[in-house]
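1. Curious how this folds, go ahead:
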Amino acid sequence: KIVVGGSTGNAGAQATVIRFMSDGSLDTTFGTAGYAYLPYYGNLGNSTGGVKVLQNGKIVANGSNDSSAFIVRLTASGIVDSTFGTAGFTVFLLRQYCRCPGPLEVLQDGSIISAYVQGNGPYNLALIKTDSNGVRDNTFGTAGVLVVTEITNSGKVVLDNSNRILVSGNTSFSVTGVVRLLANGSHDNSFGTGGLSVVVDSGFSAHPTPIVLSDNSIVLAADDGSPFLPSIGATHLLANGSQDMTYGTGGVAVTAFRLATPVSGIALDNDEVLMLGTYFYQSATTIVTGELSVLNIAGKIDSVLQGGQAYSMFQYDTGIGNKITTSLAMHKLPGGKVLVGGQNSSRIWLARYKYLGFATGTDEINPALNFQLFPNPSGRFAVLNYQTAGRKEAAIKVFDITGKIVLEKTIPAGLDSYRFETSAWSNGF
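-> Numbering: from 1, shown residues only. Here you go, the predicted structure:
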């Protein structure tokens, strides 16, 4: 199912969570006919900035208004969970002009991190943290609030595969940086310099958007800050925070977008980076146009989309003209599909597209075996996607041309993909 957070109404907008079925229809069993309207909490009730579905089906979301920020938890049926915080909410009073609720992340122990922008220039990024029950974590920052002083404007927050907190943004005008924090809020001194990694001027520093690869390295997608049709590029930080100067060309990868725009969404497909950019018409047209571009693990444009293209264009008729906004997001779904969502005027919209991914070099594979190997032939690595009945345990063996086994691996039940290094192998496997 698909869960979306936003706001309804105009003045005094009320935070709202909506749930859709996989076919795009409203899940009428959720909240009130598919909508969970969050009650005002004091002067709160602004739009939600982040939504996460927990393993037990419950939903956590965040929001802000003026000088306050909140985290709320809903039951799986869309009712405010009164066992969380105080009557379902945990409220933080931050500095004046608290706004732009950012990403929300759930750590391995169930504790919750939420990001907000505070101030009226200069800006700072503030993180708040609660435990899994909504109790303020007073060991984090000051009374559960940590101001990331290195980031001077709105930033993005993600977790890496080791449960560390990554905060990306601008450290000063046109300079991009990433701060890595431990789960307790202290700087990870093994990353960059004192926990901060600054990207060497790449020409792409506006709106940096991070994504974490399987080895805990980071790809940062950003635009060049141009007010009209900016170009999009990416840089690669190794797991220790040093910049990978072999990535792309001289450490910078440039995408294949024709209608260049800020990055609207970013996702991974076996360490290949999918980037979504969108071109918006501020006229009477109802059409929103977007492009998808793919960078491979080396930061090169990967022409793996339909017809071997370096980019793929989509168009969606929202049914509403004028003032098409730049609010857009992307999520990669299982089964080779991409979900794109956005808003314009007073509506949100969702569209689902097929993502063909990596079809090159698999013609000799028997489709009845229900697996796909790519890239084939391979260089540094190969990825095997497979299907087993009931997602059971799988055994993988790789043979050389003499029949000798060079790799034997048992994959636990529940997984459907395995990535293995091939750079040290000779030809003929």
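2. surely Thr209 meets Ser168?
-> Yes. Using CB atoms under 8 Å, Thr209 is in contact with Ser168, at 7.3 Å. Heads up, the C-betas are built off the backbone N, CA and C, glycines and all.
3. Please enumerate the shared neighbours of these two.
-> 156, 220 (CB atoms under 8 Å, 6 or more residues apart in numbering).
4. between these two, who's got more neighbours?
-> Ser168 (26 against 21; other CB atoms under 10 Å).
5. Contacts only, for that one.
-> 151, 155-158, 176-179, 208-210, 218, 220.
6. cool, Asn189 as well?
-> Here Asn189 is in contact with Gly195 (CB under 8 Å, 6+ apart).
7. In a strand, it, correct?
-> No. The assignment for Asn189 is coil, going by DSSP: H, G, I helix; E, B strand; the rest coil, so no strand is present there.
8. Show the backbone phi and psi for it.
-> Backbone geometry at Asn189, expressed as degrees, to the nearest 10, gives phi -70, psi -10.
9. What of Val148?
-> phi -90, psi 90.
10. Could you find the closest non-adjacent residue to it?
-> Leu125 (4.7 Å; CB to CB, 6 or more residues apart in numbering).
11. burial of that neighbour, as a residue count?
-> Neighbours of Leu125 (other CB under 10 Å): 27.
12. what do you get for Val158?
-> 18.
13. thinking it is in contact with Thr209, fair?
-> No. Val158 is not in contact with Thr209 according to CB under 8 Å; the separation is 9.3 Å.
14. ok, and Gly102, which helix or strand is that part of?
-> Taking DSSP states H and E as the definition, one finds Gly102 inside no helix or strand.
15. Any idea how many residues pack against it?
-> 22.
16. Can you find the helix or strand in this structure with the smallest mean pLDDT?
-> Least confident helix or strand of the chain, by mean pLDDT, DSSP states H and E, is strand 311-317 with a mean of 59.
17. so Val91 makes contact with Ser67?
-> No. Counting by CB under 8 Å, Val91 sits too far from Ser67 to count as a contact (10.8 Å).
18. Next, count neighbours for the residue nearest to Gly50 when sequence neighbours are not counted.
-> Using CB to CB, 6+ apart and skipping residues adjacent in sequence, the residue nearest Gly50 is Leu104, 3.1 Å away. By other CB under 10 Å, 22 other residues sit near Leu104.
19. Quickly list what Leu104 is bridged to.
-> Ser114 (DSSP bridges).
20. got it, and Ala126?
-> In beta-bridge terms (that is, DSSP bridges), Ala126 pairs with Tyr116, Val147.
21. For it, give its distance to Leu350.
-> 30 Å (CB to CB, to the nearest Å).
22. ok so, going back, surely the residue nearest to Gly50 and Ala61 touch.
-> Yes. Contact criterion CB under 8 Å: Leu104 and Ala61 qualify, at 7.0 Å.
23. and for those two, which residues touch both?
-> Contacts common to Leu104 and Ala61, judged by CB under 8 Å, 6+ apart, are 50-52, 71.
24. What segments of the stretch 201-350 of the chain are strands?
-> In the stretch 201-350 of the chain, the segments counted as strands under DSSP state E, counting those that start in this stretch are 206-212, 218-223, 232-237, 253-254, 263-269, 272-279, 287-295, 311-317, 324-333, 337-344, 347-354.
25. contacts for the fourth one?
-> Read it as strand 253-254. So strand 253-254 is in contact with 231-236, 247-248, 295, 299-301, going by CB under 8 Å, 6+ apart.
26. want to throw these into CSV with distance to Phe191, pLDDT and neighbour count?
-> As requested, the contacts of strand 253-254 are arranged in CSV below (distance: CB to CB, whole Å; pLDDT from 0 to 100; neighbours: other CB atoms under 10 Å):
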residue, distance to Phe191, pLDDT, neighbour count
Ser231, 28, 73, 17
Ile232, 25, 77, 27
Gly233, 22, 81, 25
Ala234, 19, 86, 25
Thr235, 15, 89, 27
His236, 15, 91, 25
Tyr247, 18, 88, 22
Gly248, 22, 85, 21
Leu295, 23, 76, 24
Gly299, 21, 75, 22
Lys300, 26, 73, 14
Ile301, 29, 69, 16
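27. Mind putting the residues you listed into TSV with distance to Ala76?
-> As requested, the contacts of strand 253-254 are exported to TSV (distance: CB to CB, whole Å):
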residue	distance to Ala76
Ser231	43
Ile232	38
Gly233	41
Ala234	37
Thr235	40
His236	38
Tyr247	42
Gly248	43
Leu295	37
Gly299	41
Lys300	43
Ile301	42
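28. Dig out what Val219 forms beta bridges with.
-> Ile211, His236.
29. Please work out how many residues are found near it.
-> 24.
30. any idea how far it is from Lys58?
-> Distance from Val219 to Lys58, by CB to CB: 31 Å.
31. tell me the two of the shared contacts of Leu104 and Ala61 that are most distant?
-> Of all pairs drawn from the shared contacts of Leu104 and Ala61, the greatest distance, 11.1 Å, lies between Val51 and Ile71 (CB to CB).
32. Now for those two: what residues contact both?
-> Contacts common to Val51 and Ile71, judged by CB under 8 Å, 6+ apart, are 60-61, 104.
33. okay, those residues in TSV with distance to Asn184 next?
-> Output for those, formatted as TSV (distance: CB to CB, whole Å):
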residue	distance to Asn184
Val60	20
Ala61	24
Leu104	18
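34. between the residues you listed, which is nearest Thr28?
-> Of the shared contacts of Val51 and Ile71, the one sitting nearest to Thr28 (CB to CB) turns out to be Ala61, at 19.9 Å.
35. which residues does that closest one bridge with?
-> Beta-bridge partners, per DSSP bridges, of Ala61: Val51, Val72.
36. Next, count neighbours for it.
-> When counting by other CB under 10 Å, one arrives at 24 neighbours for Ala61.
37. Repeat that for Leu26.
-> 14.
38. From Ala382, how far off is it?
-> 42 Å.
39. which of the shared contacts of Leu104 and Ala61 count as buried?
-> 50-52, 71 (16 or more other CB atoms under 10 Å).
40. which one among those residues gets closest to Thr16?
-> Val51 (10.5 Å).
41. List the contacts of the closest one.
-> 3-5, 17, 59-61, 104.
42. same question, Ser217
-> 236-239, 244.
43. Most neighbours of all these, which one?
-> Going by other CB under 10 Å, Leu237 tops these with 29 neighbours.
44. Sounds good, over and out.
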